[in-house]
Every structure is written in C-alpha cells, then in structure tokens.
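# Task: produce atomic coordinates for the following.
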Amino acid sequence: VSVRKRAVKIDGLSLTIDDLGAIARAEASFRISTQARSRVRASAKLVATLAKGSEPCYGINTGFGRLCNVRIPASDVRRLQLNLIRSHAAGVGEPLGIEEVRLAIALRANALARGNSGVRLQVIELLLSMLEHDILPRIPRLGSVGASGDLAPLAHLSQVLIGEGQALVDGKWVSGKTALRKKGLKPIQLEAKEGLALINGVQISLAMLSRALLLSRSVVDAADVTAAVSLEGLL
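Residues are numbered from 1 along each chain as shown. Modelled structure (predicted):
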C-alpha cells in the first residue's frame, strides 16, 4: 500500500513538529523554496569569492581552532574541507536509530537552507535526495561534546555525501559510495567552507529531542484514550 507523503518545505524557517513526524516515518517529500534557493546561491557565491581573495577568512582559507592564523593555499581549500570531515568522524558506540538519522538529515538540510552557511545548493539537494531514497548514514551514538556543535556525529552523516563512511540502504549496511550508487546518486566534492558548514550545528541533539517529543505526544494521546475508555468501562 503506497503512503501519501506529506509535502515539506525546506527553507530554514517553516519546519513544524508534524513535518518532523512525517520525516521520521519516511512519509515526507521535500521542496526547497524559491527564496531559500536565492539565499543559498548568494551565500555560496560570496564564499567562493572570499576563497579566491587575499584576505584571511576563518574556515575558508585558514585552518581551524588554534590554526586560525595559518593560511591555506587556494590549491588546498578542497582538501582542507575533506580532511575536516575525515578527522572528526571519530564517534563510538551503537548507531543512532533510523528515525533519529532521518530527522538529523532533514534538520541539517533545513538549517543550511537559511542561506547563512555558504554551501552550494547541491549539498542541500543531495541531503534531501538521501532522505527521499532512505539512505541512512551510520552515525555512532557517542562522541560529541556539543561545544561547537555535534561535530563527530555530523561528520559521520557528512561522510556519505562524499562517498565515504557507511549507510543503511534497503536493509543492508554498505559503503557510502555504494549506497549513493544504488539509488542513482553521486558523491559531491566539498568546496570552500562546506565541510565546516556541515558539522557546525546541533542537529543530532535536536533530532534526538524531536523524536523524544514525538514519542511523548503519542504517549499522552494513548493516556487520554486509556483514561476515557477506562471511565466508560467502569461506568
């Protein structure tokens, strides 16, 4: 039986808890709003310009953290972003549940769609394509301190975008590259700032919180029904 999917607008502003419920159940389809597309394109264009310039811009043509004053040559900008993802994919423990992973992907795409992060539209589109095809990265449950975001788990999520890591697709764990290929998708090559933008957020924590809220609503609804039926039964 085919399930009618809920149309969810991705623009960084409009996501609702009912949208998240549909996303968690894999009953959502997605569209990026026209306004969000314009903001994202403008932001990505600005980052591309800065990456080619002589002025140091953190995370674009400099190192990260204590290396913020180290200039990165233009020829190494892509490698910087790739190495950032690889170095932070260091989580441990059991993987997050499938509902939490779906929510994390959607929430990250939605945050990037605000147009404040400098990523290209292709990054957001690939995240949403992964959701549409239910390609679910293996994200270890432990490993983030939340200081500058859920760095480790978001790095594991981002690995699949570049064809690395592991993902659950059609009930089987496969490499990120294989998962994308099975659904007719291709990995992307990260450009300036995109690795940093992908992991600088709290969408893993928010996904866990959202799922807890969705479950609590179900529990409250069940309690109301149980109380009503019990009253009827006891007259």
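# which SS state does Gly59 fall under?
At Gly59 the chain is in coil, as set by DSSP: H, G, I helix; E, B strand; the rest coil.
# Surely it is in contact with Lys193?
Yes: Gly59 lies in contact with Lys193 (CB atoms under 8 Å); the separation is 5.6 Å. C-betas here are computed from N, CA, C, even on glycine.
# With neighbour numbers in mind, choose between the two.
Each of Gly59 and Lys193 had its neighbours counted (other CB atoms under 10 Å), and the higher figure belongs to Lys193 (28 against 21).
# list the contacts for the more buried one?
Counting by CB atoms under 8 Å, 6 or more residues apart in numbering, Lys193 makes contact with 47, 51, 59-60, 81, 117-119.
# Also Val123?
Applying CB under 8 Å, 6+ apart to Val123 gives the contacts 112, 161, 188, 194, 197-198.
# Which of those residues fall within helices?
In helices, judged by DSSP state H, the following of the contacts of Val123 are found: 112, 161, 194, 197-198.
# any chance of the residues you listed in a markdown table, with distance to Val219, pLDDT and neighbour count too?
Shown next, in a markdown table, are these (distance: CB to CB, whole Å; pLDDT from 0 to 100; neighbours: other CB atoms under 10 Å):
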| residue | distance to Val219 | pLDDT | neighbour count |
| --- | --- | --- | --- |
| Leu112 | 32 | 98 | 28 |
| Leu161 | 35 | 98 | 26 |
| Glu194 | 39 | 97 | 27 |
| Ala197 | 36 | 96 | 24 |
| Leu198 | 33 | 97 | 28 |
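# Out of those residues, flag the one nearest to Leu142.
Taking CB to CB as the measure, Leu142 lies nearest Leu198 of those, at 19.7 Å.
# sorry, back to before: filter the contacts of Lys193 to the buried ones?
Members of the contacts of Lys193 that pass the buried threshold by neighbour count (16 or more other CB atoms under 10 Å) are listed as 47, 51, 59-60, 81, 117-119.
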